[in-house]
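S.K.: generate a structure from the sequence data that follows.
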Amino acid sequence: MKPKKVTKAIFPVAGLGTRFLPATKSIPKEIMTLVDRPLIQYAIDEARAAGIKEFIFVTSRGKSALEDYFDVAPELESALRKAGKDQLLDILKETNMDSGAIAYIRQNRPMGLGHAVWCARRLIGNEPFAVLLPDDVIAAEKPCLAQMVDAYEQTGGNVVAAMEVAPEKTSSYGVLDIAEDMGSIVKAKGMVEKPKAGTAPSNLAVIGRYILTPKIMTNLNKMKQGAGGEIQLTDAIAEEVKSGKVFGYRFRGQRYDCGSKAGFLQATVAFGLARPDLRDEFASYLNDMIALQKAAQ
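M.R.: Have a look, this model is predicted:
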């Protein structure tokens, strides 16, 4: 039986973004720009490419700029139209969301990713859904979530994006315990959230893309605080392992952790060099900077 189509996605964006203070004192981290688009736009574009029609944002106090970003801007659109700047007008329209396509839910206490996802339970109902963490930006020829949808159509159940990490870094991730390795798809027999050094069951780490069944919401309803004193999404997914319906998917692409300053800078360089309109000038500048550093040594 073919699994039910995934048309809803949750975007947990309630975090304070303290690693990017003072910038995040006045703007949500998700609005910070990678080249010329905010982080959240990359996540939205990826979700659209995977067939998502309903977008659910789990927000918190101080996120009004995020809500305004997806609204129409009549004055700006009018000014661009009068100036004949049609290309910029087209770019601007890509940020607009249709009425009713987007919903905002408040997470009033910072109790972890699992709790943030659980906050959207009434909008999910009895349907499968995706979760995208905007901090994880993935450069891929075919968008990561679209790849996962293809895998989900083969497996059903719960599918998590996974990548190999260095063994010493497994303590920073949720890690899969592998029952069967089928190449791009692995069947999980367990999941461990941020295992202590030397105890990880593998080096296949879960990153911020998920396709989940509504049973996950039931599990979250029963969850107690886990690692870090938070309600962990990983724990709710691990509950489904016994049903044989948890799979990891080794996506094709490069993931950048834009929740860290170093990762954000790395993504900026990579995405800047990938842009035909910026590549030559930017590469020349970077080469000059490297030459200056070498000369200084």
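S.K.: excluding its backbone neighbours, what's nearest Lys63?
M.R.: Spatial nearest neighbour of Lys63, excluding adjacent residues (CB to CB, 6 or more residues apart in numbering): Pro28 at 5.1 Å. Where C-beta positions appear, they are placed from N, C-alpha and C, glycine not excepted.
S.K.: state the distance from the one you found to Ala139.
M.R.: Using CB to CB, to the nearest Å, Pro28 is found at 23 Å from Ala139.
S.K.: how about the strands in the stretch 51-200 of the chain?
M.R.: Taking DSSP state E, counting those that start in this stretch as the criterion, the stretch 51-200 of the chain contains strands spanning 54-59, 102-106, 129-132, 136-139, 158-164, 174-181, 185-193.
S.K.: how about the longest one: buried residues?
M.R.: Taking 16 or more other CB atoms under 10 Å as the basis for neighbour counts, the residues of strand 185-193 that come out buried are 185-189, 191-193.
S.K.: kindly reformat the residues you listed as a markdown table containing pLDDT.
M.R.: Shown next, in a markdown table, are those (pLDDT from 0 to 100):
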| residue | pLDDT |
| --- | --- |
| Ile185 | 95 |
| Val186 | 94 |
| Lys187 | 94 |
| Ala188 | 93 |
| Lys189 | 91 |
| Met191 | 86 |
| Val192 | 85 |
| Glu193 | 83 |
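S.K.: just the closest of these to Leu204, please.
M.R.: Nearest to Leu204 among these, counting by CB to CB, is Val186 at 6.7 Å.
S.K.: what pairs with the residue lying closest to the closest one once chain neighbours are set aside across the strands?
M.R.: Closest residue in space to Val186, ignoring its immediate chain neighbours: Gly248 at 4.4 Å, by CB to CB, 6+ apart. Assessed by DSSP bridges, Gly248 has beta-bridge partners Val160, Val186.
S.K.: buried stuff in stretch 235-247?
M.R.: 235-241, 245-247.
S.K.: restricted to strands, list the residues you listed.
M.R.: Of the buried residues of stretch 235-247, the ones assigned to strands by DSSP state E are 246-247.
S.K.: can you put the buried residues of stretch 235-247 in TSV and add distance to Cys258?
M.R.: TSV is the format used below for the buried residues of stretch 235-247 (distance: CB to CB, whole Å):
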residue	distance to Cys258
Asp235	25
Ala236	25
Ile237	23
Ala238	26
Glu239	30
Glu240	29
Val241	30
Lys245	30
Val246	26
Phe247	26
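S.K.: Glu153: which of the buried residues of stretch 235-247 is nearest?
M.R.: Phe247 (11.9 Å).
S.K.: correct me, but that closest one touches Glu153?
M.R.: No - counting by CB atoms under 8 Å, Glu153 is not a contact partner of Phe247; they are 11.9 Å apart.
S.K.: any chance you could map the helices in the chain?
M.R.: 39-49, 64-69, 74-82, 86-93, 113-118, 121-124, 144-155, 215-222, 233-238, 261-273, 279-296 (DSSP state H).
S.K.: compute the inter-axis angle for the third one and helix 86-93.
M.R.: When axes from the mean of the first three to the mean of the last three CA atoms, to 10 degrees is applied, the directions of helix 74-82 and helix 86-93 differ by 160 degrees.
S.K.: list of residues touching helix 74-82?
M.R.: 86, 88-89, 92-93 (CB atoms under 8 Å, 6 or more residues apart in numbering).
S.K.: buried subset of the residues you listed as a ChimeraX selection?
M.R.: In ChimeraX, this line selects whichever of the contacts of helix 74-82 come out buried by 16+ other CB under 10 Å:
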select :89
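S.K.: show me the protein divided up by domain.
M.R.: Following automatic domain parsing, one gets these domains for the chain: 8-259, 260-297.
S.K.: correct me, but Lys4 touches Pro128?
M.R.: Yes - checked against CB under 8 Å, the pair Lys4 and Pro128 is within contact range at 5.5 Å.
S.K.: which one's more surrounded, those two?
M.R.: Pro128 (22 against 13; other CB atoms under 10 Å).
S.K.: was I right about Ser202 contacting Leu176?
M.R.: Yes - if you go by CB under 8 Å, Ser202 and Leu176 touch, sitting 5.7 Å apart.
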